[in-house]
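A.B. asks: requesting a structural model of the entry that follows:
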Amino acid sequence: MENQSFVTEFILLGLSQTPDVEKIVVFVFLLLYLVTLLGNLVIILTIANTPSLLGSPMYFFLCFLSFFDACISSVVIPKVIAGSIYVKNTISFEGCMIQLFAVHFFGGSEMLVLTFMAFDRYIAICKPLHYVTIMNRKLCILLVSVAWGGGFLHSLIQVLFMVQLPFCGPNVIDHFICDLYPLLKLACIDTHKLGLMVITNSGLICSISFVLLLMSYGVILNSLRKYNAESRHKALSTCGSHITVVILFFVPCIFEYARPPTTFSFDKTVEIFYTILIPMLNPFIYTFRNTEVKSAMRKLWTRPTLSVVK
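C.D. replies: Residues are numbered from 1 along each chain as shown. Purely as a prediction, here's the structure:
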């Protein structure tokens, strides 16, 4: 049998088949989407228009993190909303592969950016005298390029394997997006080896990155003991925000992909968490205790008002 798909479209069951629930889904997810776009756009514009922040490696990476968050939400939420409005929620085979590629591309890039942000904090706290020399603009641009390239390679590998699978039977996906395990479940061949590939390419990478990040923050926290109380409090504030984001991002990712290739009823909830809720929460987490960002926001967004008054 040739690896050729006979399925031209998939039916996404979405979050619910109850009309009343779907109306609530439309309202709630539209609100979440608007808040996500607004929050991340404010972060991007604030950093881009504040030279002191844009010149800082940490905020340079944060700008790209916000961009990836906005992109992931734009790939997922509009389709969820559209699927709750229309009676039959379908997606073409090509559209399914594009969505699969986009989610893993932006997700993989974000994972690498989070790793580089931890590296930046490690250099800033553990090697402060060499920070400016090491974390120069050239290196920051290189690391962001690696994040884009790594996300692209990670996603390309997933899609190249999936696009060759024969889908000749059922075309109903019990999910709200096209993802790896629900698609493997519909393939007409034994996908055990491909399931192991998913664990290696997604789950194992997530798990190793998460462990390395925790180890790096263990070293950072140990190094903070030699700082005075004020410096320690400032460093802990910044690191605390990043650790929170790392845990919220990596734990669901590990749960979703670093396990045997099977689907569970609560997979939708886990996927909602890290593709919809986390991109919305990240701007608030990074600005809640960050006086530098909040001060830059006030200056930026009150500037036009002051100009008009004058």
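
A.B. asks: going forward, measure contacts and count neighbours with C-alpha atoms only.
C.D. replies: Noted.

A.B. asks: quick one: low-confidence parts of the protein?
C.D. replies: Along the chain, segments meeting pLDDT under 70 span 1-5, 87, 261, 263-265, 289, 303-310.

A.B. asks: ok, longest helix in it?
C.D. replies: Using DSSP state H, we find that the single longest helix of the chain is helix 93-126.

A.B. asks: pull out the buried positions in that one.
C.D. replies: Neighbour-count burial for helix 93-126, with 16 or more other Cα atoms under 10 Å as criterion, is recorded at 93, 96-97, 99-126.

A.B. asks: and it, what does it pack against?
C.D. replies: On a contact count with 3 or more Cα pairs under 8 Å, 6 or more residues apart in numbering; DSSP states H and E, helix 93-126 meets strand 9-12, helix 57-85, helix 131-134, helix 137-163, helix 205-223, helix 229-257.

A.B. asks: please identify the deepest-packed of those.
C.D. replies: Most buried of the helices and strands packed on helix 93-126, by mean neighbour count (mean count of other Cα atoms under 10 Å): helix 57-85, with a mean of 21.

A.B. asks: so who does Gln99 touch?
C.D. replies: Going by Cα atoms under 8 Å, 6 or more residues apart in numbering, Gln99 touches Val75, Val76, Ile177, Cys178.

A.B. asks: let me redo that: Gly83
C.D. replies: By Cα under 8 Å, 6+ apart, the contact list for Gly83 reads Leu12, Gly14, Asn89, Thr90.

A.B. asks: checking the second one next. Helix, strand or coil?
C.D. replies: Read that as Gly14. Here Gly14 is recorded as coil under DSSP: H, G, I helix; E, B strand; the rest coil.

A.B. asks: what's the local residue count around the residue nearest to it when sequence neighbours are not counted?
C.D. replies: Nearest residue to Gly14 in three dimensions, chain neighbours excluded: Phe176, at 3.9 Å (Cα to Cα, 6 or more residues apart in numbering). For Phe176, the neighbour count with other Cα atoms under 10 Å is 23.

A.B. asks: can you start the count at 711 instead of 1 from here on
C.D. replies: Sure thing, new numbering starts at 711, so read that last one as Phe886.

A.B. asks: thought Glu732 was touching Ser794?
C.D. replies: Yes. Counting by Cα atoms under 8 Å, Glu732 does reach Ser794; the two are 5.2 Å apart.

A.B. asks: follow-up on the earlier one: and of the helices and strands packed on helix 803-836, who's closest to Ile909?
C.D. replies: Nearest to Ile909, of all the helices and strands packed on helix 803-836, is helix 939-967, at 5.7 Å by Cα to Cα.

A.B. asks: which helices and strands sit right next to the closest one?
C.D. replies: helix 803-836, helix 915-933, helix 977-982, helix 988-998.

A.B. asks: so which of these is nearest Lys903?
C.D. replies: So among the helices and strands packed on helix 939-967, helix 915-933 is nearest, using Cα to Cα, at 17.2 Å.

A.B. asks: the closest one versus helix 803-836: what angle between them?
C.D. replies: Between helix 915-933 and helix 803-836, the angle comes out at 20 degrees (axes from the mean of the first three to the mean of the last three Cα atoms, to 10 degrees).

A.B. asks: what residues does helix 915-933 touch?
C.D. replies: 821, 825, 828-829, 831-832, 835-836, 956, 960, 963-964, 968.

A.B. asks: residues in contact with the most centrally placed residue in the chain?
C.D. replies: Among the residues of the chain, the one closest to the centroid is Gly817, at 4.2 Å (Cα atoms, centre = their mean). For Gly817, the contact set (Cα under 8 Å, 6+ apart) comprises Phe778, Ile782, Gly861.

A.B. asks: how about Pro989?
C.D. replies: Contacts for Pro989 (Cα under 8 Å, 6+ apart) come out as Thr746, Ser776, Asp779, Ala780, Ile782, Ser783.

A.B. asks: ok, now Arg935?
C.D. replies: Arg942.

A.B. asks: what kind of secondary structure is Ile801 in?
C.D. replies: Per three-state DSSP, Ile801 ends up strand.

A.B. asks: what is the nearest of the contacts of helix 915-933 to Leu870?
C.D. replies: The closest of the contacts of helix 915-933 to Leu870 turns out to be Ala968 (Cα to Cα; 20.0 Å).
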